[in-house]
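Q: No letters, just coordinates:
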Ligand SMILES: NC(=O)c1ccc[n+]([C@@H]2O[C@H](COP(=O)([O-])OP(=O)(O)OC[C@H]3O[C@@H](n4cnc5c(N)ncnc54)[C@H](OP(=O)(O)O)[C@@H]3O)[C@@H](O)[C@H]2O)c1
């Protein structure tokens, strides 16, 4: 199935995976609604096909604006065929060094925001007789890893919400629900990640810099969406193996992640609480 002339709403379209997805959708001829906070970055994406783009900037946690924003999105073409909840923020801090406010922010941006937007769009999709919903979770939404307790919690939570929603709407209303599970993709995710104090990390890490090209990730996601795959896995190497081990034979995986935790505890002992640490191989 092609998305030509379909109306596709992408959050987090101002950079990384969302930007690459928006570019790929526009290349296919889709009508694309571009959201994120940075209006200029969204406008730059829209510039490749202004007549098929609607720039709709908002902070994903600004829930009070959602009814008006959904109305605006709906009025643009009179339908919304696919909503991709992609906006998100990651974490790079040990639980011992992480403020409660950081957990709150991760739950807001990575769990409650996609839930709130989906809840606001859902009645329109039912009204129009079908559609597609997607969320970008993570390998960390299936596998618990060090330095990401809040991120893993929020990314596991979206898997639960969207799988539950799928049970309610797939057959009943013809609404497809896809959960996207990337491993490391080369974007600003690590640089923008929260440290234990809530400050942005400000630098990337080796996993992400050696990760999958966002354009390659976007093509895998596009194929998965067009086939209405339930789980769309965008991972390779150890991260793909971790996903498979978690589902089939988790104990050896728990041993590997515990060793990584021990290594990080050693770094913390040497460098002090709150030291900015780099994740090892089994991380996303
Ligand atoms: N890259 C990876 O290795 C990886 C792996 C697994 C999962 N993921 C997930 O993939 C998704 C996209 O991340 P990315 O890798 O492309 O990272 P990114 O380059 O940092 O992009 C994050 C996007 O989310 C938007 N965003 C963040 N906070 C927002 C907020 N409060 N309100 C509105 N928009 C917000 C940003 O837009 P503005 O700054 O304009 O607001 C940006 O477009 C995230 O959900 C992430 O968790 C990424």
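A: Good, I have the coordinates. Bear in mind the structure is a predicted one, so any value in this text is a computation, not a measurement.

Q: Just the pLDDT at residue 276, thanks.
A: The score at residue 276 is 68. That number is its pLDDT.

Q: typed the wrong thing, it's residue 93
A: 97.

Q: same deal with residue 272?
A: 85.

Q: tell me the phi and psi of it?
A: When read as degrees, to the nearest 10, the backbone of residue 272 gives phi 100, psi 160.

Q: any idea how far it is from residue 96?
A: 12 Å (Cβ to Cβ, to the nearest Å). Where you see a C-beta, it was placed from the backbone N, CA and C, and this is true even at glycine.

Q: Residue 105 now?
A: From residue 105 to residue 96 the distance is 18 Å (Cβ to Cβ).

Q: between those two, who's got more neighbours?
A: residue 105 (18 against 12; other Cβ atoms under 10 Å).

Q: which SS state does the more buried one fall under?
A: What DSSP: H, G, I helix; E, B strand; the rest coil gives for residue 105 is helix.

Q: Residue 48 now?
A: Going by three-state DSSP: residue 48 is coil.

Q: For it, the count of nearby residues, please.
A: 13.

Q: Let me see the contact set for residue 1.
A: 226, 227 (Cβ atoms under 8 Å, 6 or more residues apart in numbering).

Q: That one and residue 94, how far apart?
A: Counting by Cβ to Cβ - residue 1 and residue 94 are separated by 44 Å.

Q: Can you pull the residues of the stretch 101-250 of the chain lying near the ligand?
A: Counting by Cβ under 6 Å from any ligand atom, the stretch 101-250 of the chain comes close to the ligand at 109, 136, 138, 182, 184, 185, 187, 188, 189, 192, 208, 211.

Q: Surely residue 109 touches residue 86?
A: No: counting by Cβ atoms under 8 Å, residue 109 stays clear of residue 86, with 11.6 Å between them.

Q: neighbour count winner among these two?
A: Shown here are residue 109 and residue 86; by other Cβ under 10 Å, residue 86 has more neighbours (24 against 21).

Q: In contact with that one, which residues are there?
A: Applying Cβ under 8 Å, 6+ apart to residue 86 gives the contacts 10, 11, 12, 13, 17, 18, 21, 135, 136, 180.
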